[in-house]
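Asker: make a model of this:
(chains A and B, ligands or ions: 1)
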Amino acid sequence: MSYHVDQNGYYGRFGGAFIPEMMYPNVDGLRNRYLEIIESEEFRKEYTDLLRDYVGRPSPLYYSNRLSEQYGAQIYLKREDLNHTGSHKINNTVGQILLAKRLGKKRIIAETGAGQHGVATATVCAREGLQCIVYMGALDVSRQAPNVEKMKMLGAEVRPVYSGNQTLKDATNEAIRDWINNPEDTHYIIGSVVGPHPYPDMVARFQAVISEEMRQQLKEKTGSELPNAVIACVGGGSNAAGAFYHFLDDEEVKLIAVEAAGKGVDTDESAATTALGKTGVLHGSKSLLMQTEDGQVIEPYSISAGLDYPGIGPMHANLYETGRAKFMSVTDEETLEAAYNLTEKEGIIPALESAHALAALEKLKFGPDEVVVVNISGRGDKDMETYLKHFRAKQ
Amino acid sequence: MENRINQLFKEKPNNILSVYFTAGFPQLNETEEIIVELEKSGADLIEIGIPFSDPVADGPTIQKSSDKALKNGMSIKLLFEQLKDIRQKVKLPLVLMGYFNNVLQYGVEDFCRKANEIGIDGIILPDLPLEVYENEYRPFFEQNNLRNIFLITPQTSEARIRKIDDLSNGFIYMVSSSSTTGAKSNVTEQQEAYFKRIQEMNLKNPRLVGFGISNNTTFVNSCRYSHGAIVGSAFIKALSEEGSISQNVKKFIDLIHSSEENN
Ligand SMILES: Cc1ncc(COP(=O)(O)O)c(C=O)c1O
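Answerer: Residues are numbered from 1 along each chain as shown, chains lettered A, B, ... in the order given. Just a heads-up that it's a prediction; the model follows:
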């Protein structure tokens, strides 16, 4: 079975490009050219050089003594938090900005939840001297203030979005509207493996550097390229797609995707799409989607702004449906515990999103020799206010 | 029975006025009244919008009307219920417009069957792509005598317009400029060039211009190069004003039809 995208942009029965005609020329232009461009030698060279010298790759694969001891397995942390701008998002924005340049686009738009994708986009736009507009839900603007300030300093215009729940889904709607209204000079840098084909595949390819490095690093450290399990959090699913990518066809590697249960999957404050969603179409692709019986999208909730999205990418919907990846969810509480635990044991403050992946360790059983890689998708600087608030409440 | 859309274009080849409104707005139970009043006031075709939580092709006015309609409790099921006797009251062609996810949840085949039962003539689903329609859903539309209406924009390639023309059998929805919906006050030279270019393609299907038509001037200018025009946001605004439905509808249609009242 193939877990990769097919000719028409589908992963099994998920994917496609469900877009209004107004977006067709842009999406079609991208579809026709993305592979040829990103596979060209000249592009590969520019991309890899930038990942090395600007982003700081390869990101380390760090063996965590103390987590290994705590959970009785061989636990490695893939340190995407050490990337420039603080998360995996930069891998994708570096790739897409190089692509946008080759497509002759002059104006860049993006959506952001946690602000990490917005910061990464603003960063690469600053480097290229391109105009950058970032849509962000008004609620996220207030809960991720440090990132808003960074984007502004980087020269981006941050446009707060007041519709809906004022979070990531609404920011995405607004970015799509902007693209519809600016069909000629604009490239939309989508921040996850969502959106119409070719976005899910394109973003997965840019993030695939994560698992490509993991294989080499595991080989050096353990003698085998293959771990027993890879764990990553899933909002839209880009860091997980990148962490899983080069293991998809190695069926013996367990792929574990962790969603945000929020206050619990049986409350109405959750973002656990596979637990709560049904097949649906949003933001240009057919995937799993949290929605009412009438097909109205349900506003998700998570303590983490980056996982606060009512769907997952089509690749993940297919991994879920085929059983290739195991999906689970952890609550806000469990996430906070896991974040404090890593901070205390390893001196690493993870992003709230990444702490979801860590929290899964509590719920899984591994043998003492099993090699487990947890993707630390980002660092926790942006979440300090939330951490401190809960830390104080605990004392 | 002949499809009312085809009949309309046969009988009235130009200056067709099509009006869009969101079902369930301003009040939940005004759908039928708005339709009846539109027919009385001289509209030629009616597009009934199914509200969606995430209407990406729409500008602020229609977004807000959708929001309100959803809060009021509108759904496809309820809309079908409200429209069940509509054919005893009006003769105009009726088109349902919405986003694909709502229809997918209802079931595309059931949706088409039910629409036909009620006497709906056409469907517009801006985010159901041509290719998916062709490969998966076309028979449901055709078996139920429903015209699927596609959009084209100034950026749509000639080859694609030809393909859309081939696949269509009602009318083509010509989006006036690449944009989300919303009222604009004039038709630009660039738009006229686009209207002319399409006119010269001699398509087999008639064309209605939509997005940005808000008054008599924009209506008349659009009709010069097409068979008529579609008004949405401007009508939604008119419905939000003080006054009864019948007063607001009549006033609005008169405004579109008469150059005197144009500001
Ligand atoms: C650190 C971090 N991890 C994960 C995510 C979730 O995105 P994705 O699911 O695409 O990896 C975000 C999104 O903002 C993030 O900032």
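Asker: please verify my assumption that residue B:151 contacts residue B:171.
Answerer: No: distance between residue B:151 and residue B:171: 11.0 Å, which falls outside the contact criterion (CB atoms under 8 Å). (Each C-beta comes from the backbone N, C-alpha and C, glycine too.)
Asker: neighbour-wise, which of these two wins?
Answerer: Looking at residue B:151 and residue B:171 with other CB atoms under 10 Å in any protein chain shown, you find the greater number of neighbours at residue B:171, namely 28 against 21.
Asker: give me the phi and psi for that one.
Answerer: Dihedral pair for residue B:171: phi -150, psi 170, per degrees, to the nearest 10.
Asker: for it, what are its contacts?
Answerer: The contact partners of residue B:171, taken as CB atoms under 8 Å, 6 or more residues apart in numbering or on different chains, are B:5, B:9, B:147, B:149, B:205-208, B:227.
Asker: what parts of the stretch 101-250 of chain A come near the ligand?
Answerer: Within the stretch 101-250 of chain A, the positions lying close to the ligand (CB under 6 Å from any ligand atom) are A:113-114, A:116-117, A:192, A:233-239.
Asker: quick one: which of these sit in helices?
Answerer: Among these, the subset assigned to helices under DSSP state H consists of A:116-117, A:238-239.
Asker: the residues you listed into JSON lines, with extra columns for pLDDT?
Answerer: Output for these, formatted as JSON lines (pLDDT from 0 to 100):
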{"residue": "A:116", "pLDDT": "95"}
{"residue": "A:117", "pLDDT": "97"}
{"residue": "A:238", "pLDDT": "98"}
{"residue": "A:239", "pLDDT": "98"}
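Asker: ok, those vs residue A:45, which is closest?
Answerer: Set against residue A:45, the nearest of these by CB to CB is residue A:238 (23.4 Å).
Asker: coming back round to it: can you narrow the contacts of residue B:171 to ones near the ligand?
Answerer: Checking the contacts of residue B:171 against the ligand (CB under 6 Å from any ligand atom), there are no matches.
Asker: among those, which are located in strands?
Answerer: Secondary-structure check on the contacts of residue B:171 using DSSP state E: residues within strands are B:147, B:207-208.
Asker: and the residues you listed as a markdown table, adding distance to residue A:127?
Answerer: Rendered in a markdown table, the data for these read as follows (distance: CB to CB, whole Å):
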| residue | distance to residue A:127 |
| --- | --- |
| B:147 | 50 |
| B:207 | 45 |
| B:208 | 46 |
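Asker: so which strand or helix has the residue of the stretch 51-200 of chain B at minimum distance from the ligand?
Answerer: Of all residues in the stretch 51-200 of chain B, residue B:54 sits closest to the ligand, with a separation of 18.8 Å (CB to the nearest ligand atom). Element membership of residue B:54 [criterion: DSSP states H and E] is none; it lies in no helix or strand.
Asker: contacting residues for it?
Answerer: Shown in contact with residue B:54 (CB under 8 Å, 6+ apart): A:164, A:169, A:173, A:282-283, A:297, B:99.
Asker: if you skip the residues just before and after it, what's nearest to residue A:159?
Answerer: Of all residues not flanking residue A:159 in the chain, residue A:135 sits nearest, at 5.2 Å (CB to CB, 6 or more residues apart in numbering or on different chains).
Asker: need the residue closest to the centroid of chain A.
Answerer: residue A:238 (3.4 Å; CA atoms, centre = their mean).
Asker: picking that back up, the residue nearest to residue A:159 pairs with what?
Answerer: Legend: beta-bridge partners of residue A:135 under DSSP bridges are residue A:111, residue A:159.
Asker: that one: neighbouring residues, count only.
Answerer: Residue A:135 has 25 neighbouring residues, counting by other CB under 10 Å.
Asker: try the one 10 residues further on
Answerer: Residue crowding around residue A:145 was assessed by other CB under 10 Å; the count is 13.
Asker: could you say which helix or strand holds residue A:212?
Answerer: helix A:209-222.
Asker: where exactly do the strands run in chain A?
Answerer: With DSSP E as the criterion, chain A has strands at A:10-11, A:14-15, A:61-63, A:74-79, A:107-112, A:131-137, A:157-161, A:186-189, A:229-233, A:254-262, A:278-282, A:285-289, A:325-331, A:371-376.
Asker: out of the ones you listed, nearest to residue A:301?
Answerer: Counting by CB to CB, residue A:301 lies closest to strand A:254-262 out of these; the figure is 4.5 Å.
Asker: off-centre distance for the closest one?
Answerer: Averaged C-alpha coordinates place strand A:254-262 at 12 Å from its chain's average position (CA atoms, centre = their mean, to the nearest Å).
Asker: ok, now stretch A:25-38?
Answerer: Remark: stretch A:25-38 is offset 22 Å from the chain centroid, using CA atoms, centre = their mean.
Asker: go on, stretch B:233-240?
Answerer: Taking CA atoms, centre = their mean, one finds the center of stretch B:233-240 at 14 Å from the center of the full chain.
Asker: now it: average pLDDT?
Answerer: For stretch B:233-240, mean pLDDT rounds to 96.
Asker: how about stretch A:173-184?
Answerer: Here the average pLDDT along stretch A:173-184 is 96.
Asker: as CSV, could you dump the C-alpha coordinates of that stretch?
Answerer: Once non-C-alpha atoms are left out, stretch A:173-184 reads as follows in CSV (Å, rounded to 0.1, in the frame of the first residue of the first chain):
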residue,chain,number,x,y,z
ASN,A,173,-10.5,31.5,5.8
GLU,A,174,-9.2,35.0,5.7
ALA,A,175,-5.9,34.1,4.0
ILE,A,176,-7.9,32.2,1.4
ARG,A,177,-10.1,35.2,0.8
ASP,A,178,-7.0,37.4,0.4
TRP,A,179,-5.6,35.0,-2.2
ILE,A,180,-8.9,35.0,-4.1
ASN,A,181,-8.8,38.8,-4.2
ASN,A,182,-5.2,38.9,-5.3
PRO,A,183,-4.9,36.2,-7.9
GLU,A,184,-1.8,37.5,-9.7
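Asker: show residues contacting it.
Answerer: Contacts of stretch A:173-184 (CB under 8 Å, 6+ apart): A:20, A:22-23, A:25-26, A:107, A:109-111, A:133, A:135, A:159, A:161, A:163-164, A:186, A:188, A:190, A:283-284, B:54-57, B:59, B:153, B:155, B:178-180.
Asker: for ChimeraX, write the select line for the buried members of the contacts of residue B:171.
Answerer: The following ChimeraX line selects those of those that are buried, judged by 16 or more other CB atoms under 10 Å in any protein chain shown:
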select /B:5,9,147,149,205,206,207,208,227
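Asker: residues contacting residue 155?
Answerer: No chain specified, so I'll use chain A. With contacts defined as CB under 8 Å, 6+ apart, residue A:155 is in contact with A:122, A:125-126, A:132.
Asker: that was the other one, I meant chain B.
Answerer: A:22, A:24-25, A:183-184, B:178.
Asker: apart from its neighbours in sequence, what residue is nearest the residue nearest to the spatial centre of chain B?
Answerer: Relative to the mean C-alpha position of chain B, the nearest C-alpha, by CA atoms, centre = their mean, is the one of residue B:47, at 3.8 Å. Closest residue to residue B:47 apart from its sequence neighbours, by CB to CB, 6+ apart: residue B:20 at 4.1 Å.
Asker: residue A:287 against residue A:313, yeah?
Answerer: Yes: contact status for residue A:287 versus residue A:313: in contact at 6.5 Å, counting by CB under 8 Å.
Asker: shared neighbours, the two?
Answerer: Between them, residue A:287 and residue A:313 share the neighbouring residues residue A:194, with contact defined by CB under 8 Å, 6+ apart.
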